[in-house]
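Chemist: Show me how the following folds:
(4 chains)
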2 protein chains.
Amino acid sequence: MLTERQRHILSAIVDDYIRSAEPIGSRSISKRGDVGFSPATIRNEMSDLEEMGFLEQPHTSAGRIPSHKGYRYYVDHLMHYGEQSVDEDVDVMKRFFADRLQQMERVIQQVAMILSQVTPYTSIVMGPEMLTTTMKHLQIVPLNDRTAVAIVVTNTGQVENRTVTIPEGIPMSEIEKFVSILNAKLKNVPLLHFKSKLYTEIASEMSRYVSGYEELLIMLDSIIEREEERVFLGGTTNMLTQPEFKDVDKVKSILDLLAETPKIIQLFEGTGASSGIQVRIGSENKLEAVNDCSLITATYSYEGQMLGTIGILGPTRMDYAKMIKLLDHLSKDMTQLMERWYK
Amino acid sequence: MLTERQRHILSAIVDDYIRSAEPIGSRSISKRGDVGFSPATIRNEMSDLEEMGFLEQPHTSAGRIPSHKGYRYYVDHLMHYGEQSVDEDVDVMKRFFADRLQQMERVIQQVAMILSQVTPYTSIVMGPEMLTTTMKHLQIVPLNDRTAVAIVVTNTGQVENRTVTIPEGIPMSEIEKFVSILNAKLKNVPLLHFKSKLYTEIASEMSRYVSGYEELLIMLDSIIEREEERVFLGGTTNMLTQPEFKDVDKVKSILDLLAETPKIIQLFEGTGASSGIQVRIGSENKLEAVNDCSLITATYSYEGQMLGTIGILGPTRMDYAKMIKLLDHLSKDMTQLMERWYK
DNA sequence: CTTAGCACTCGCTAGACTGGAGTGCTAACG
DNA sequence: CGTTAGCACTCCAGTCTAGCGAGTGCTAAG
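Modeler: The predicted model follows:
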């Protein structure tokens, strides 16, 4: 659909714009040297590219900038990873992973931090998901006669805990019975299926042995609901250094979004579908606040099972090639870490 | 030191400036009506007030704005709480506290959220401190032969957990012995004294029974170190709506500070010293990033024991009277909640 | 002591102007 | 026929200026 020359010019424009954040003119492309044509020729091509929707003009007689479609084409067909060296950044990350085993939650949090330090964008890391997390152990520790702490230890080494109110009139012994049944029945059940299993399979058996069983179930329900909130951010303020975010209002709407976990989950919706690296450019994101942003995501996994997602959120004018390379490395390192983790 | 009229004028200037965020001229004060003098007279007084350091002029022939010293005087001597109605906001908060008992951590987080919703500033809530938190229960749940999850349940219903690597060559039975000793000895010991007790009193006895004891202690050490990180923020982006923060660089330095828990703890240093409400204006804050901000703090407690701190961070041009009133209510509600909590 | 009057200062805004960057078109060139 | 040089045109960004308005400080009168 595009001629070789057009592709070359588009690629040059995106590359330059990523660096400069300023509209690119025909002259500067011509002067780069790698496109051996005069500004006039390039102008004609640029005009065509604009007509086809790959480029945009902020206003007449300004240079061109890539449109969302232009970025998309760039990411899909033009980007070449070879050039850029990410060795330095990869080193930083490698050093991090070489450290001794740490608490799972911390690792994830620190991945977000590290990532945000080697990029000028915001990093978002989503922890192991309910899908693959199974229960290893359930315990209830009484605090006083009406409150207790319920603790769920998962196979990933996470510990979910929640303070709960014990329904009136249920003696401790009943609760202990309840817990031991659950431990026997729910071991290694993914948290995702927890609820359904809780209310079907186990319900009947349970009601025979334990009084006040329904209240206890509701209580347990509330323990696991928190699982979905494992989102870690890094470099939320990084975007403030980018020229496209000098407008405070735009920044606010994005920062507000980042402050709300459910919104972030919404933002990531569907990224887990296919493994590998995904890029969402501008309006490909459903949330309006990030319609001027791009989101690059990668997944990390264990034995083919996807565990979580790593994402980078930045302006559409993002260094896609570098970011994809970085995420690629990182997701592999994470995957490797998981293997070491479960040994 | 100040005449009644001067106090009156200073008060009027601060009040107006808090509302308008713009330098206040002598005419507008005169027109308010409550100071029955002509602009010229007021000008003279303002000139005096400036000389004494209570007011500042952004530039010649602009109006005056309060200096840090001016705010300080206002807060200490002039502010009257009576006028403002905070009923509406207090209602919102009351409704929140009327809800059923929730998990401790959540309550604190939501207090931060609520507070940031009824104010245009950033709220910071620090959870129960190590000082008053004691251990209720310690447990170690093995994941595989080399890793385990250690869980500390505290009297406040918090659960600290951490995945740890088990030192090589220590059988499970040894660990169980270790845990049961600790449970017996460390029950109700404040986490703050945990470490010292661990290494003195218990060490000798322990070394007799348990092999590999030192490694286990180090492991345990790492469990409790996390306790200090209980800081919850609300409305971090609220400040973006304030005119004094239209400068992106300033915002960034503050947001960066807020992203680092240790910095926040540093910011709060000393606020717990006296109970009651404290105000730190501008450069009274030691951290440079918030030298244009004021921090108002209150504490909440249980049976006279201080449990934590609530803070509001905003520009020096802050609605002190209202914020103090709000914090006052809130800290009382929190305290009350604590009583209900421990019943 | 208070106030009216007045000259003066300063920042802010709007308008005019300019230089530069870039386009689009046309015509010439190989 | 594709490519290029030339040129008129557009638009932005920056600078300069003048005028306005808000506010002060001073002086002299009440």
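Chemist: element containing the nearest residue to residue A:107 once chain neighbours are set aside, please.
Modeler: Closest residue in space to residue A:107, ignoring its immediate chain neighbours: residue A:337 at 6.9 Å, by Cβ to Cβ, 6 or more residues apart in numbering or on different chains. Where you see a C-beta, it was placed from the backbone N, CA and C, and this is true even at glycine. Using DSSP states H and E, residue A:337 sits in helix A:320-342.
Chemist: what about the residue of the stretch 201-343 of chain A at minimum distance from DNA strand D, how many neighbours?
Modeler: The nearest approach of the stretch 201-343 of chain A to DNA strand D comes at residue A:243, 11.5 Å away (Cβ to the nearest atom of the strand). Using other Cβ atoms under 10 Å in any protein chain shown, residue A:243 has 10 neighbouring residues.
Chemist: Isn't it up against residue A:19?
Modeler: No - Residue A:243 lies out of contact with residue A:19 (Cβ atoms under 8 Å); the separation is 11.8 Å.
Chemist: all strands for chain A, in order.
Modeler: In chain A, the strands defined using DSSP state E lie at A:55-56, A:65-66, A:122-126, A:135-142, A:147-154, A:159-165, A:231-234, A:278-281, A:293-302, A:305-315.
Chemist: Mind putting these into CSV with mean pLDDT?
Modeler: Listed next are those as CSV, based on pLDDT from 0 to 100:
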stretch, mean pLDDT
strand A:55-56, 96
strand A:65-66, 96
strand A:122-126, 94
strand A:135-142, 78
strand A:147-154, 76
strand A:159-165, 70
strand A:231-234, 92
strand A:278-281, 96
strand A:293-302, 91
strand A:305-315, 89
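Chemist: So which of these has the densest surroundings on average?
Modeler: Between those, strand A:122-126 has the highest mean count of neighbours, a mean of 26, where neighbours are mean count of other Cβ atoms under 10 Å in any protein chain shown.
Chemist: Just want the angle from that one to strand A:293-302.
Modeler: Put simply, strand A:122-126 runs at 30 degrees to strand A:293-302, going by axes from the mean of the first three to the mean of the last three Cα atoms, to 10 degrees.
Chemist: Just confirm yes or no for strand A:122-126 near chain B.
Modeler: No - applying Cβ under 8 Å from any Cβ of the partner chain, one finds strand A:122-126 separated from chain B by no less than 11.2 Å.
Chemist: partners of that strand in the sheet?
Modeler: strand A:231-234 (antiparallel), strand A:305-315 (antiparallel) (DSSP bridges).
Chemist: Dump these to CSV, plus distance to residue B:15.
Modeler: Listed next are these as CSV, based on distance: least, Cβ to Cβ, whole Å:
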stretch, distance to residue B:15
strand A:231-234, 39
strand A:305-315, 42
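Chemist: Could you say which one of the ones you listed comes nearest to residue B:260?
Modeler: strand A:231-234 (11.8 Å; Cβ to Cβ).
Chemist: got the contact list for the closest one?
Modeler: A:108-109, A:111-117, A:122-127, A:258, A:261, A:264-265 (Cβ atoms under 8 Å, 6 or more residues apart in numbering or on different chains).
Chemist: how about a cut-off of 10 Å?
Modeler: A:105-117, A:119, A:121-127, A:258-265, A:267-268, A:308-313, B:259 (Cβ atoms under 10 Å, 6 or more residues apart in numbering or on different chains).
Chemist: In the stretch 1-150 of chain A, where is pLDDT below threshold?
Modeler: Within the stretch 1-150 of chain A, the ranges that satisfy pLDDT under 70 run A:83, A:98-105, A:129-133.
Chemist: Let's see that with 80 instead.
Modeler: Scanning the stretch 1-150 of chain A with the threshold set as pLDDT under 80 gives A:82-85, A:96-107, A:127-137, A:141-150.
Chemist: so what sits against both of residue A:243 and residue A:19?
Modeler: With Cβ under 10 Å, 6+ apart, residue A:243 and residue A:19 have common neighbours residue A:317.
Chemist: so how far is residue A:56 from the closest residue to DNA strand C within chain A?
Modeler: Closest residue of chain A to DNA strand C, Cβ to the nearest atom of the strand: residue A:25 (2.6 Å). Separation of residue A:25 from residue A:56 (Cβ to Cβ, to the nearest Å): 14 Å.
Chemist: same question, residue A:138
Modeler: For residue A:138, the distance to residue A:56 - Cβ to Cβ - is 56 Å.
Chemist: Spit out the contact partners of the closest residue to DNA strand D within chain A.
Modeler: Proximity of chain A to DNA strand D (Cβ to the nearest atom of the strand) peaks at residue A:61, 2.9 Å away. The contact partners of residue A:61, by Cβ under 10 Å, 6+ apart, come to residue A:25.
Chemist: give me every residue that touches the closest residue to residue A:16 other than its chain neighbours.
Modeler: Distance criterion Cβ to Cβ, 6+ apart; nearest residue to residue A:16, sequence neighbours excluded, is residue A:24 at 4.9 Å. Counting by Cβ under 10 Å, 6+ apart, residue A:24 touches A:9, A:12-17, A:32, A:46, A:55, A:62-66.
Chemist: for residue A:24, which residues make a bridge with it?
Modeler: residue A:64.
Chemist: Now a ChimeraX select for only the buried ones of the contacts of residue A:24.
Modeler: Those of those that count as buried under 16 or more other Cβ atoms under 10 Å in any protein chain shown are selected in ChimeraX with:
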select /A:9,12,13,14,15,16,17,46,55,63,64,65,66
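Chemist: when you check DNA strand C, which of the contacts of residue A:24 turn up near it?
Modeler: Filtering those for neighbours of DNA strand C using Cβ under 7 Å from any atom of the strand leaves A:46, A:62, A:63, A:64.
Chemist: just curious, which of those is nearest to chain B?
Modeler: residue A:62 (23.8 Å; Cβ to the nearest Cβ).
Chemist: picking up where we left off before, can you list residues touching both of residue A:25 and residue A:56?
Modeler: Shared contacts of residue A:25 and residue A:56 (Cβ under 10 Å, 6+ apart): A:62, A:64.
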